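Chemist: structure for this input, please:
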Amino acid sequence: MAGFTNSNVVELFSSKVTAIRQPAFEMGKIATELLIKLIESKYPITEFETRVLPTELVIND
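Modeler: Numbers count the residues shown, from 1 in each chain. Okay, here's the model as predicted:
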């Protein structure tokens, strides 16, 4: 089984679980900042940003 998470709950499973740990709080913070910037912009924004945040592969053997 594989999935995405932002918590340590994956380590509690007894079965084999693989997960990608994502920085959910930081993702939300950046998304909010970009949305506010878009809303407050006086001109239409035509160039968009891509942000890559670090993730961690968690393998529970």
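Chemist: sketch out the low-pLDDT regions of the protein for me.
Modeler: Under the criterion pLDDT under 70, the flagged ranges of the chain are 1-15, 61.
Chemist: in this structure, which spans are strands?
Modeler: Using DSSP state E, the strands of the chain run over residues 2-5, 17-21, 56-60.
Chemist: okay if I get those strands as CSV plus mean neighbour count and distance to Glu49?
Modeler: Yep, even glycine has a C-beta here, placed from its N, CA and C like the rest. Output for these, formatted as CSV (neighbours: other CB atoms under 10 Å; distance: least, CB to CB, whole Å):
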stretch, mean neighbour count, distance to Glu49
strand 2-5, 12, 22
strand 17-21, 17, 22
strand 56-60, 12, 23
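Chemist: now these as CSV including distance to Thr50?
Modeler: What follows is the strands of the chain, written out as CSV (distance: least, CB to CB, whole Å):
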stretch, distance to Thr50
strand 2-5, 19
strand 17-21, 18
strand 56-60, 20
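Chemist: between these, which gets nearest to Ile39?
Modeler: Closest to Ile39 of those is strand 2-5 (CB to CB; 27.9 Å).
Chemist: and the helices in the protein?
Modeler: 24-40 (DSSP state H).
Chemist: closest to Glu40 out of the strands of the chain?
Modeler: Among those, the nearest to Glu40 by CB to CB is strand 2-5 (30.9 Å).
Chemist: thinking again about what came up before, out of the strands of the chain, which comes closest to Gly28?
Modeler: strand 2-5 (14.3 Å).
Chemist: for Leu35, which of the strands of the chain is the nearest?
Modeler: strand 2-5 (21.7 Å).
Chemist: gap between Glu40 and Ala19?
Modeler: Using CB to CB, to the nearest Å, we find Glu40 at a distance of 36 Å from Ala19.
Chemist: ditto for Gly28
Modeler: As judged by CB to CB, Gly28 and Ala19 stand 19 Å apart.
Chemist: also Pro54?
Modeler: On the measure of CB to CB, Pro54 and Ala19 end up 15 Å apart.
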